[in-house]
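A.B. asks: Predicted model, plus sequence, below.
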Amino acid sequence: MEPKAPDTRTSLLQAALVCFADHGFDGTSMRMIAETAGRPLSLLSHYFRNKEGLYLEVFKHIFETSGHRAADPALAANLDPRDPQAAVRLLREQIHFMYGQAAPDAAMARPFQDHRARLWLQEFRTPRPSLHPIIQEYLGPTARLIRACIQVLRPELNPSQVAFLGATIMGQVAGHGTMVGLNRVLWGEHPAFGSHFQEAELLVDFCLHGLGATGPTSPRES
């Protein structure tokens with residue numbers, strides 16, 4: 001069977017993703033997006049009102065089509081500060097999930113992945129203020145869960161140190177997807193050394209050693 005053609009709204013979002021990634025926000029016009037999509041300009045206003053609204057919807061579309069799942073806020077809120085093993089388990093589960101999304105083969109299999117990556121890179125350093133609520137909505141719960149786990153495992157750290165380690169964990173996991181091209185240039189075209197599970201386990205070990213923590217015994221794929 002041929003793949004189902006995207007609906008009108010999705011085709012406009014895909015065209016906008018391509019244009020914003022190739023030309024940036026300022027270099028992209030609504031007319032350019034409509035022409036790329038092969039749809040009337042009036043449809044963009046109908047669905048998205050203006051360019052800023054469309055830009056925000058493109059980022060929501062990226063999150064919603066990447067298999068992203070926000071961490072349950074209750075996990076961080078209910079984490080017992082006297083239970084480091086629970087913190088290790090939750091941190092391990094979160095690293096596995098993040099790596100499952102960020103692994104190079106998983107990332108490259110997504111439609112328009114090169115455009116997704118380029119658009120994200122435009123926002124990495126100084127995200128537009130209008131994007132802050134979207135980033136908090138989709139990534140905030142994960143950051144809060146990682147923060148809570150670190151606070152249990154390293155209660156002597158101050159908030160700045162906790163934030164630094166949390167950003168390091170998220171960055172090193174996500175970097176396998178967002179930096180896949182750079183990683184190949186620097187480290188070569190190496191095949192995966194194992195399954196996603198095995199690769200994520202190595203990241204778990206790395207993170208836990210960096211935190212001075214040890215994890216519970218867990219089954220490992222052979």
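C.D. replies: Good, I have the coordinates. Residues are numbered from 1 along each chain as shown.
A.B. asks: Could you tell me how many residues sit around D80?
C.D. replies: 10 (other C-beta atoms under 10 Å). No exception for glycine: its C-beta is placed from N, CA and C like everyone else's.
A.B. asks: For stretch 171-186, measure first residue to last.
C.D. replies: 18 Å (C-alpha to C-alpha, to the nearest Å).
A.B. asks: let me fix that: stretch 64-80
C.D. replies: OK, stretch 64-80 end separation, C-alpha to C-alpha: 31 Å.
A.B. asks: Could you give the average pLDDT over that stretch?
C.D. replies: The average pLDDT within stretch 64-80 is 87.
A.B. asks: Buried residues of the least confident helix or strand in the chain by mean pLDDT, list them for me.
C.D. replies: Here the helix or strand of the chain ranked lowest by mean pLDDT, DSSP states H and E is helix 104-108, holding a mean of 74. Neighbour-count burial for helix 104-108, counted by 16 or more other C-beta atoms under 10 Å, picks out P104, A106, A107.
A.B. asks: Now do it: everything it contacts.
C.D. replies: G100, Q101, Q113, A117, H176, G177, T178, V180, N183, A192, H196 (C-beta atoms under 8 Å, 6 or more residues apart in numbering).
A.B. asks: Name the nearest residue to the fourth one, sequence neighbours excluded.
C.D. replies: Pointing back at A117 there. T178 (5.9 Å; C-beta to C-beta, 6 or more residues apart in numbering).
A.B. asks: isn't that neighbour right next to A102, touching?
C.D. replies: Yes: the pair formed by T178 and A102 meets the contact definition of C-beta atoms under 8 Å, at 7.4 Å.
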